[in-house]
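Enquirer: 3D, please:
(chains A and B)
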Amino acid sequence: MTVVGQSIRRLEDPRLLRGLGHFVDDVNRPGQVWMRVVRASTAHARLAGVDLDGARALDGVHAALAAGDVDPLPVIPLRLGPADEPLDAYLQPVLAQERVRYVGEPVAVVVADDPYLAEDAAELVRVRYEELPVALDAAEAVAEGSPALRDDAPNECTTLRRGYGEVDEAFAGAARVVSVDVRVGRHFAVPLETRGLVAEYDAADGHLTLWGATKVPHFNRLVLAGMLGMPVHRISLRRSDAGGGFGARGELYPEDFLVAHLARRLNRAVKWIEDRAENLVAMNHSREQTRRLEAAFDAEHRLLAIRDELWHDNGAYLRTHGAVVAELTLGMLLGPYRVPAYEGVAHVALTNKTPCGTYRGPGRYEATFARERLLDAAVAELRVDRLELRRINLLRPDELPLERKLPVLGSEAIIDVGDFPGLLEQALEAAGYAEWCEEAAAARAEGRLVGAGVGVFMEKSGGGRFETAAVQVDPSGAVRVATGGASVGQGIETAMAQIAADELGVDVARIDVVAGDTDTIGDGVGSWASRSTIMGGSAVKLAAAATADKARRVAAELLEAAPEDLRLEGGRITVAGAPGRGMSLGEASAAYDPQLAERLGEAPGEAFGLGAQRSFTNVAIAFPYGVHLALVEVDPGTGAVRILRYHVAYDVGRAVNPMIVEGQLVGGAAQGIGGALLEDFRYAPSGQPLGASFMDYLLPTAAEIPPVGTSIHEDAPSPANPLGVKGAGEGGTVGCGAALAGAVDDAVGVAGAVRALPITPEQVLAALQVVETGTGTR
Amino acid sequence: MKPATFEYHRVGTVGEAVERLGELGEDAKLLAGGQSLVPMMNFRLARPPALVDISRVAELRYLTREGDTLRIGALTSHLAIERMDAPELLDGFSFLKEAAHWVGHYPIRTRGTFGGSVAHADPAAEWCLLAVLLDAEIVARGPGGERTIAAADFLLGFLTNALDPDEVLVEVRFPRPASRAALHEYARRRGDFAIVAAAVAVDVEEDTCRSARIVIGGVDDVPVRIGEAEAALAGSRLEAEAIEEAAQAAARAVDPASDIHGSAEYRRHLTAVLVTRALGEARGSEDGARSKNGAG
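Expert: Residues are numbered from 1 along each chain as shown, chains lettered A, B, ... in the order given. Prediction:
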């Protein structure tokens, strides 16, 4: 039996549960000093002056810098493209220059002996602002007459146009046209652990070491090398545990440069731990979009075409993600449905708010909500059952592979495998949906407002150039697996160990996985886009298989047997049919050296140690797919929505560790439910943030999240990687808005009533009044 | 989120606390459970130059009954109220136990104190509402000895109380049992401060309501009594029509502000809903549906 596919306990947990994890705040270096960022207190202003004298005069303060003190002053580059047009004018300098464009923008930094003193010093920095009018709404920001964030570039930083097929013709011939206007609020990833960095500079070697970068360490190292004018090999990014990433934590932010720059400048270790109040305004926000969708149907309820126009609020700057969230929102709108023609336009607007980036299921959460809202609105217009409407329009297995002319992250979108209608039926069965509906009917008969909803979705996962892995067996038989992916709390160490264990025939307990350490592996792409198991896992499989082959060749030589007769099992290499003849993997490692390598005719690059390095380069996107089902009760008095039942069904091709996949689905659902019912980062008309604490940004607690049922499906393994896996990290989140909106519609008896996330009590009460005045339909 | 510099003084008795407050001047603050003060200090919204920590003053941690009166020592934790189980305490005061589960989350209830919450004077705080509802007396001790302040006179405004800078709130007294009292509130998450809270108490004799009290929190700077709604119930049999009339009167009487958690109009609507539910529970009828808090 293979280790892959088993719910073994996570290798990370013994250290985490014992309090032995290494989070960035656990890192303390001799002589370290603390950085504090002075952040803009106004949303849009000309910077008339930054007076650092008061801070510099304070005892225990080592430095105070503003933009003018850093030359050259770098900007945060794009990491993800491609861009349809140049976007350089919209990138964020590491310290504000001439203008501030959002509350929270770094204006200056101070460094002091301890974090308390650093905060005192930061208060002494006097910033003079000349206030400017603000732009806070994406659609208004791109309209004529809006206050402009930049003199030389319009607020609409790019306009994405995507599509295929004869859309106008389809609408002209349509039997019915249905449209919806929808909105998704400004959500925020809120990792339990805020960002943080420790940088130490060794002046003797000219070497910089940085702790706390998670997600894309090799990219960050390359960019920092350029910004600091240092060779890449003089910068080390060390791995650390992370209390959640969700797309936002671990990107390159202004602070990543500032901490490194100050460590070198002061020749002292510099530490920065972001506090929660900073985190809420400084780390990437996400999601905020308004959108108009229009669908053409024929007389048999078949989709003929969709028109899509959206306004994406990206905050004040483009950061590393560029315009990719807007692109994904267009590219993934159609999901698992058959749509002969499509036309989408995304206006990517910059506003005086915290810049946005990706957040778990970027573009798909928004698009799934919008599309499923459109279908639920069509249910009312077409007088068709909502499951039936979906069955009619879901792509069938015999229609795949399908190339959709909507590129995703620069890769072509070929939907290769899947059984979407089949999964819908399995999900309904697994959840007991028929009983839910009976339960809802019984409750309604008592006068309670109970309803069920469905969200069908397609995810995307993988891609992103390549991933790397290095496997090494030591003379004791212990194995080290290094990968360019990074730990963001997702269980990458366990999954990689399981994959390596099968190839090498060793117990996972003998495998150490090092993820995201630039000294341990020379290159890598990182952990994002649900790609680590696909790309990193495949690289590990290749490297481990190459190591196993090498071990067989070594043992064949030493045991005088044919390599093909050798079996790797239980940490030993034995001759098939002669279990007495064999040696341990450790003995093979001890015996292997460049001289033996030469005797075996190994390639020169393979001479050092019993191991192998491999990369995996198939960037084909894998498309997992799933169904969310919700049963809710609406309180007709308060407008509160209570979730009675919830289920996520997800096809991941193959689950390396089903327990971890289940954890991903449940945790993902908690975030998706939060966004659907509670979370919205709002601003006052002045541009002051109104969600800058957990009293005002309503993160769900355990009390708001119901038990989430899951069913993990493996019907459609990906043909594009040797494991058959598809990403499992985001499907728990993607369908929540859609399913809950549908359930609330059903509970209040108005199809298409919910038009915005989060579904606030006031929105629910407004829908109920529609019922009371008799204009609603059930 | 590191507090500004402050001095820290720990005291062992109320007398010491009063003395120390006198020495330190009017900006010094008492530290009890710290559940409101410490976060405000971490945000630097509060910057007291000195704290006088009374959390170990054992003489302020008690719950006793004297005749009709329930006396609650200022340092009694919310959890102690929630776990109140002695029949002589509960008789006529079970509404306090019922209301305790609305106060924050479990960790907050273990550390937060009854007296601290009343002194903090948040207009949506459960204990402030109930204190106003049932004419609680606030006992304060200062250099000149003790004085007693009626709850309605104690709560002066948003986070503002009637204590002198060198006075310590030592006790809250509920002078009369109230067997038909209830508190209902709504927040979008369990444990948050209520968007609106409604506390009611009714005196019923031979199925007739002799008098009623209704207090609403979250709609003004202090919990407000709604005389119009109370009048609608007096002499009624607490039938649905009377409750509806009281609820509508309450909704008309309040003048809430809008914020991101709810518009003025929504708060007004909630006022009617919660008054209806609280009265339903207080009446003890079957149809007094209990509110469900939040989305979960």
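
Enquirer: Tell me the residues on chain A that lie near chain B, please.
Expert: A:115-116, A:119-120, A:123, A:275-277, A:635, A:637-643, A:673, A:677-678, A:682, A:690-691, A:693, A:695-696, A:698, A:700-701, A:703-706, A:761-762, A:765 (CB under 8 Å from any CB of the partner chain). Every C-beta, even on glycine, is put in place using the N, C-alpha and C of the backbone.

Enquirer: Among these, which lie within strands?
Expert: Of these, the ones assigned to strands by DSSP state E are A:641-643.

Enquirer: If you rank those by neighbours, which is first?
Expert: Highest neighbour count within these: A:Val641, with 33 neighbours (other CB atoms under 10 Å in any protein chain shown).

Enquirer: outside of the helix or strand encompassing B:Glu88, which residues touch it?
Expert: Under the criterion of DSSP states H and E, B:Glu88 resides in helix B:87-90. Residues from elsewhere that reach helix B:87-90 (CB atoms under 8 Å, 6 or more residues apart in numbering or on different chains): B:63-65, B:70, B:84, B:97.

Enquirer: Equivalent analysis for stretch A:580-599, please.
Expert: A:473-479, A:504-506, A:550-551, A:554-555, A:557-559, A:561, A:568, A:571-575, A:606-610.

Enquirer: Looking at the residues you listed, which are in strands?
Expert: In strands, defined here by DSSP E, the members of those are A:473, A:479, A:568, A:572-575, A:610.

Enquirer: Can I get those residues in TSV including pLDDT?
Expert: Shown next, in TSV, are the ones in strands among the contacts of stretch A:580-599 (pLDDT from 0 to 100):
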residue	pLDDT
A:Val473	98
A:Val479	98
A:Leu568	97
A:Arg572	97
A:Ile573	97
A:Thr574	96
A:Val575	96
A:Leu610	97
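
Enquirer: Counting neighbours, which of those comes out on top?
Expert: A:Val473 (31 neighbours).

Enquirer: Please list all residues in contact with A:Val514.
Expert: By CB under 8 Å, 6+ apart, the neighbours of A:Val514 are A:239, A:480-483, A:520-521.

Enquirer: mind checking the backbone torsions on residue 176?
Expert: Just so you know, I chose chain A. Phi and psi for A:Arg176, reported as degrees, to the nearest 10, are phi -140, psi 140.

Enquirer: my bad, chain B
Expert: Torsion angles, degrees, to the nearest 10, at B:Arg176: phi -130, psi 140.

Enquirer: Isn't it up against B:Ala136?
Expert: No: using CB atoms under 8 Å, B:Arg176 makes no contact with B:Ala136, being 9.8 Å away.

Enquirer: Those two: which is more packed in?
Expert: B:Ala136 (25 against 14).

Enquirer: Now do the contacts for the more buried one.
Expert: Applying CB under 8 Å, 6+ apart, the residues near B:Ala136 are B:130, B:150-151, B:172-175.

Enquirer: Name the nearest residue to it, ignoring sequence neighbours.
Expert: B:Ala151 (4.5 Å; CB to CB, 6 or more residues apart in numbering or on different chains).

Enquirer: Mind splitting the chain into its structural domains?
Expert: Went with chain A since none was named. A:15-132+A:194-242+A:249-282, A:285-462+A:620-772, A:464-616 (automatic domain parsing).

Enquirer: Not quite, go with chain B.
Expert: B:7-53, B:60-174, B:181-283.

Enquirer: Chain neighbours aside, what residue packs nearest to the most centrally placed residue in chain B?
Expert: Centroid-nearest residue in chain B: B:Trp127, 1.7 Å away (criterion: CA atoms, centre = their mean). Distances taken as CB to CB, 6+ apart place B:Ser117 nearest to B:Trp127, at 4.8 Å, with adjacent residues excluded.

Enquirer: Distance of the residue nearest to the centre of chain B relative to B:Arg277?
Expert: 20 Å (CB to CB, to the nearest Å).

Enquirer: Just list what the longest helix out of those in chain B packs against, helices and strands only.
Expert: For chain B, the helix that runs over the most residues, judged by DSSP state H, is helix B:264-283. In terms of contacts (3 or more CB pairs under 8 Å, 6 or more residues apart in numbering or on different chains; DSSP states H and E), helix B:264-283 is packed against helix A:761-772, strand B:181-186, strand B:196-205, strand B:208-217, helix B:240-253.

Enquirer: Centre of the chain to stretch A:54-63, how far?
Expert: With CA atoms, centre = their mean, to the nearest Å as the basis, stretch A:54-63 stands 39 Å off its chain's centre.

Enquirer: neighbouring contacts of it?
Expert: A:33, A:64, A:109-114, A:117-118, A:120-122, A:124-126, A:262, A:265-266, A:268.

Enquirer: Repeat that for stretch A:430-446.
Expert: Looking at stretch A:430-446 with CB under 8 Å, 6+ apart, the contacting residues turn out to be A:427-428, A:449-452, A:629, A:631, A:633, A:644-645, A:647, A:649, A:709, A:711, A:746-747.

Enquirer: and it, what's its mean pLDDT?
Expert: Averaged over stretch A:430-446, pLDDT sits at 97.

Enquirer: ok so, going back, JSON lines please, covering the helices and strands packed on helix B:264-283 and showing mean neighbour count and distance to A:Pro191.
Expert: Output for those, formatted as JSON lines (neighbours: other CB atoms under 10 Å in any protein chain shown; distance: least, CB to CB, whole Å):
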{"stretch": "helix A:761-772", "mean neighbour count": "18", "distance to A:Pro191": "28"}
{"stretch": "strand B:181-186", "mean neighbour count": "26", "distance to A:Pro191": "29"}
{"stretch": "strand B:196-205", "mean neighbour count": "25", "distance to A:Pro191": "33"}
{"stretch": "strand B:208-217", "mean neighbour count": "23", "distance to A:Pro191": "34"}
{"stretch": "helix B:240-253", "mean neighbour count": "20", "distance to A:Pro191": "41"}
